[in-house]
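Q: 3D model of this:
(2 chains)
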Amino acid sequence: MAKVDPSSLKADEIAKAVLLTSIFSAFLVGCVIYFVVLYRNRQVKNKKEQEEREAIFQQELLKTQVEIQEQTFEQISKEIHDNITQVLSFVKLTMRSLGNGLDEANKAKLNDSRELLSQTIIDLRDMSKSMSFEHIATAGLAKAIEKEVERMNKSDVIKVSYATEGKIYSLGEQRELVLFRILQESINNALKHSGAKHFNISLQYKEDLFNLTLEDDGSGFSPASVENKSGSGLRNIENRARMIGGKATIDSAPGKGCRVSVDLYPLKQFNPNGATHSNSFS
Amino acid sequence: MPFKILGIYLVLVLFQEITNKLYISIHQNNYPVIQIGTFVKCVSLSLMYYYLFQKKTLKILSGVITICLLLFIVINAFVFEPFNSSFPSNALIADEVVFVILSLLLFKQMLQFAVQINIYKQGVFWFNSAVLFFSGTMFANFVLVNYNASFKIKSQILTFSWNGTEILFNILLGFAILVEINGKGKDLKDGKS
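A: Numbers count the residues shown, from 1 in each chain, chains lettered A, B, ... in the order given. Predicted coordinates:
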């Protein structure tokens, strides 16, 4: 029988033990690496959740802003319709009765003033209508835009052209109101900043896509120059479009006017809350 | 606060290493230094964990475990492995087991409350990894040392492994403090409190 050297046995045992310790250490390092991977995944998940929460918050904030604005518009609209135009109509009637005792020259002057007053009353009523949520909701987007175009063209400040394509369908009160406010914001921008002479409005009603395109021939701007301005009307347009699940694209360059295009997928309503939108197209 | 404790602990470790050499040269062993070192390590790291745990239940748990461990270390030093004449194997093994558990609990807490800072730039991560690695490896080392001692075997590899693990542990703890200080410095620069 062969004899086993006890020292070599001990050396073998030690080697085995050291190997086991090394494996155990490697296992611990592996555990730490696994933790790092888990931690990073959790960070990504948390970041995503935080971004979603922020998006929801922004949406809610925007909705509240729009609601407050609409309430203010509605109040002003009612005030114009129920108070100011009524008072002006009464003034007009009084002027008519005053005219009986005047000579021809003064009568003519009074008639001119009455005509101006009539025009002011009509303008105020139109303005009241374009501000009123109820009016836009009742008339629908296409009709409300038509009225707005008439009103703008009457003013002779800017020449507005308007065209629709496809079969008109309802996008829902809220979305139509927001689109109408985008139109008003664009016209306001064109009048206030660009000095445009012409303004084109185009509505495209396709089965699964709605598009609103607004173009002016004004001075235009460099998009980078307005990017950092907070509270800019252009940012408002983008935010409003996002709020109703749409996407606004703004193209402009110095001297080349401005083009705002809003795409909306009526069947694919974006709603970060997961709730059904009351104005979803069905 | 926790990293201040860690800083103090590292200074004490340096002091312990110097005392170790001196004590060996005078008394031919370093048992009392190791016994005191074990107690100091247990108190320091336990306090670290107490401050790092956010949940009240974990704080209480770590407090209770630490008190039990400290009592055991003291009893062990007087009863089972006398202070002047024995190496505190029991105390060290119990100590490492407790710290493996605490480090795993801290990792779990970190996963629950993951912050948006790169994990490699978090001092807590380096500290906890160091404790897990050291306690786990040292636990295995103790088993080997005791095995070898029972057969009166002297192994250079084991001594190297033991010392290497300790050096690596202390380097990682120092690195954890450095990372924490850098992170705080950046926060102050960014105006965060």
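
Q: make it CA atoms for all contacts and neighbour counts henceforth
A: Fine.

Q: return the distance of stretch A:187-207 from the chain's centre.
A: On the basis of Cα atoms, centre = their mean, to the nearest Å, stretch A:187-207 sits 15 Å off its chain's mean C-alpha point.

Q: list of residues touching it?
A: The contact list for stretch A:187-207 (Cα atoms under 8 Å, 6 or more residues apart in numbering or on different chains) reads A:157-169, A:210-220, A:233, A:257.

Q: for ChimeraX, what selects the buried ones among the residues you listed?
A: Applying 16 or more other Cα atoms under 10 Å in any protein chain shown to the contacts of stretch A:187-207 leaves a buried subset, and the ChimeraX line that selects it is:
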select /A:158,159,160,161,168,210,211,212,213,214,215,216,217,218,219,220,233,257
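
Q: which ones among the contacts of stretch A:187-207 are found in helices?
A: In helices, defined here by DSSP state H, the members of these are A:Gly233.

Q: which of the contacts of stretch A:187-207 fall within strands?
A: A:159-165, A:210-216 (DSSP state E).

Q: from those, which are also near chain B?
A: Checked against chain B using Cα under 8 Å from any Cα of the partner chain, those yield no neighbours at all.

Q: which stretches of chain B form helices?
A: Counting by DSSP H, the helices of chain B are B:2-27, B:31-52, B:56-78, B:89-112, B:123-150, B:156-189.

Q: ok, which of those helices comes nearest A:Gln50?
A: helix B:89-112 (15.1 Å; Cα to Cα).

Q: got the buried residues for that closest one?
A: Buried-residue list, helix B:89-112, by 16+ other Cα under 10 Å: B:89, B:91-93, B:95-96, B:98-100, B:102-107, B:109-111.

Q: what's the most buried one of the helices of chain B?
A: Mean neighbour count (mean count of other Cα atoms under 10 Å in any protein chain shown) peaks for helix B:123-150 among those, with a mean of 21.

Q: quick one: is that one near chain A?
A: Yes: judged by Cα under 8 Å from any Cα, helix B:123-150 comes into contact with chain A at B:129, B:132-133, B:136-137, B:140-141, B:144.

Q: and that helix with helix B:31-52, angle?
A: Here helix B:123-150 runs at an angle of 150 degrees relative to helix B:31-52 (axes from the mean of the first three to the mean of the last three Cα atoms, to 10 degrees).

Q: could I get the average pLDDT for helix B:123-150?
A: Across helix B:123-150, the average pLDDT comes to 80.

Q: that one - contacts with which helices or strands?
A: Helix B:123-150 sits against helix A:6-79, helix B:89-112, helix B:156-189, with contacts defined as 3 or more Cα pairs under 8 Å, 6 or more residues apart in numbering or on different chains; DSSP states H and E.

Q: filter the buried residues of helix B:89-112 by proximity to chain A?
A: B:107, B:110-111.

Q: and of those, the nearest to A:Val37?
A: The closest of these, once distances to A:Val37 are taken by Cα to Cα, is B:Leu111, at 10.5 Å.

Q: what about the helices of chain B, which gets the closest to A:Leu88?
A: Nearest to A:Leu88 among the helices of chain B is helix B:156-189 (63.3 Å), distances taken as Cα to Cα.

Q: can you tell if that closest one touches chain A?
A: Yes: figure legend: helix B:156-189 in contact with chain A (Cα under 8 Å from any Cα); contacting residues B:157-158.

Q: distance of A:Lys247 from chain B?
A: Between A:Lys247 and chain B the distance is 30 Å, computed by Cα to the nearest Cα, to the nearest Å.

Q: for A:Val260, that is, sorry about that
A: Counting by Cα to the nearest Cα, the gap from A:Val260 to chain B is 37 Å.

Q: what about that residue, which SS state?
A: strand (DSSP: H, G, I helix; E, B strand; the rest coil).

Q: count the neighbours of it for me.
A: Using other Cα atoms under 10 Å in any protein chain shown, A:Val260 has 21 other residues around it.

Q: correct me if wrong: it contacts A:Leu214.
A: Yes: counting by Cα atoms under 8 Å, A:Val260 sits close enough to A:Leu214 to count as a contact (5.1 Å).

Q: next, the distance between the ends of stretch A:206-222.
A: Taking Cα to Cα, to the nearest Å as the measure, stretch A:206-222 stretches 31 Å from start to finish.

Q: using JSON lines, lay out the helices and strands packed on helix B:123-150 together with mean pLDDT and distance to A:Asp103.
A: Conversion of these to JSON lines gives the following (pLDDT from 0 to 100; distance: least, Cα to Cα, whole Å):
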{"stretch": "helix A:6-79", "mean pLDDT": "80", "distance to A:Asp103": "36"}
{"stretch": "helix B:89-112", "mean pLDDT": "86", "distance to A:Asp103": "91"}
{"stretch": "helix B:156-189", "mean pLDDT": "78", "distance to A:Asp103": "82"}
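
Q: any residues of the stretch 1-150 of chain A in contact with chain B? List them.
A: Counting by Cα under 8 Å from any Cα, the stretch 1-150 of chain A sits next to chain B at A:10, A:14, A:17-18, A:21, A:24-25, A:28-29, A:32, A:35-36, A:38-40, A:42-43, A:46-47.

Q: what do you get if the cut-off is 7 Å, keeping everything else the same?
A: A:17, A:21, A:25, A:28-29, A:32, A:39, A:42-43 (Cα under 7 Å from any Cα of the partner chain).

Q: got the CA coordinates for stretch A:41-60 in PDB?
A: What follows is stretch A:41-60, C-alpha atoms only, in PDB (Å, rounded to 0.1, in the frame of the first residue of the first chain):
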ATOM      1  CA  ASN A  41     -32.500  49.800 -13.500                       C
ATOM      2  CA  ARG A  42     -34.300  51.300 -10.600                       C
ATOM      3  CA  GLN A  43     -32.800  54.700 -11.300                       C
ATOM      4  CA  VAL A  44     -34.000  54.500 -15.000                       C
ATOM      5  CA  LYS A  45     -37.500  53.400 -13.800                       C
ATOM      6  CA  ASN A  46     -37.700  56.200 -11.200                       C
ATOM      7  CA  LYS A  47     -36.500  58.800 -13.700                       C
ATOM      8  CA  LYS A  48     -39.200  57.600 -16.200                       C
ATOM      9  CA  GLU A  49     -41.900  57.800 -13.500                       C
ATOM     10  CA  GLN A  50     -40.700  61.300 -12.500                       C
ATOM     11  CA  GLU A  51     -40.800  62.500 -16.100                       C
ATOM     12  CA  GLU A  52     -44.300  61.000 -16.400                       C
ATOM     13  CA  ARG A  53     -45.400  62.800 -13.200                       C
ATOM     14  CA  GLU A  54     -43.900  66.000 -14.500                       C
ATOM     15  CA  ALA A  55     -45.700  65.700 -17.800                       C
ATOM     16  CA  ILE A  56     -49.000  65.100 -16.100                       C
ATOM     17  CA  PHE A  57     -48.400  68.100 -13.800                       C
ATOM     18  CA  GLN A  58     -47.600  70.200 -16.900                       C
ATOM     19  CA  GLN A  59     -50.800  69.000 -18.600                       C
ATOM     20  CA  GLU A  60     -52.900  69.800 -15.500                       C
END
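
Q: what comes up buried for it?
A: Quick answer for stretch A:41-60 (16+ other Cα under 10 Å): A:42-43, A:46, A:56, A:59.

Q: looking at these, which one is closest to A:Gly101?
A: A:Gln59 (62.3 Å).

Q: just checking, that closest one touches A:Ile244?
A: No: using Cα atoms under 7 Å as the test, A:Gln59 is too far from A:Ile244 to be in contact (9.4 Å).

Q: all good on my end, thank you.
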